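> I need the structure of the sequence given here:
(one chain, ligands or ions: 1)
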Amino acid sequence: MPMYRQKCATCDELFENLLKIADRDVPQECPYCGGTDTHRQVEAPMMMDPIRAGVKRPDQGFKEVLHRIHERTPGSKLNESQYF
Ligand SMILES: [Zn+2]
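I've put the predicted structure just below:
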């Protein structure tokens, strides 16, 4: 059964339910407030990082810009292995 994200109109909380496709638009009981005014959220398409998706390779200029940002940002937790 697919997982559907639901949003409660009463308390604005998001929750997920395993539902049969036929039941996906049936209002579900909110686990936070018990309300039944819930609506299925349409999933936004996954935002793909173009570098990690392999579409774009980082060039030397990009690498230098990252280094400069890192040097100017105290406490920055740049994880270069993520990009190189
Ligand atoms: Zn609720």
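> would you list every one of the helices in this protein?
60-72 (DSSP state H).
> where does the protein come near the ion, residue by residue?
Within the chain, the positions lying close to the ion (C-beta under 5 Å from the ion) are C8, T10, C11, C30, Y32, C33, G35. Where you see a C-beta, it was placed from the backbone N, CA and C, and this is true even at glycine.
> The same query, at a cut-off of 8 Å, please.
8-13, 30-35, 37-38 (C-beta under 8 Å from the ion).
> Give me the below-cutoff pLDDT ranges for the chain.
43-56, 76-84 (pLDDT under 70).
> What segments of it are strands?
3-8, 14-18, 38-40 (DSSP state E).
> in its sheet, what does the shortest one sit against?
Okay, so that is strand 38-40. Using DSSP bridges, the strands paired with strand 38-40 in its sheet are strand 3-8 (antiparallel).
> Residues in contact with the partner strand: which ones?
Applying C-beta atoms under 8 Å, 6 or more residues apart in numbering, the contact partners of strand 3-8 are 13-19, 24, 28, 30, 32-33, 35, 37-41, 43.
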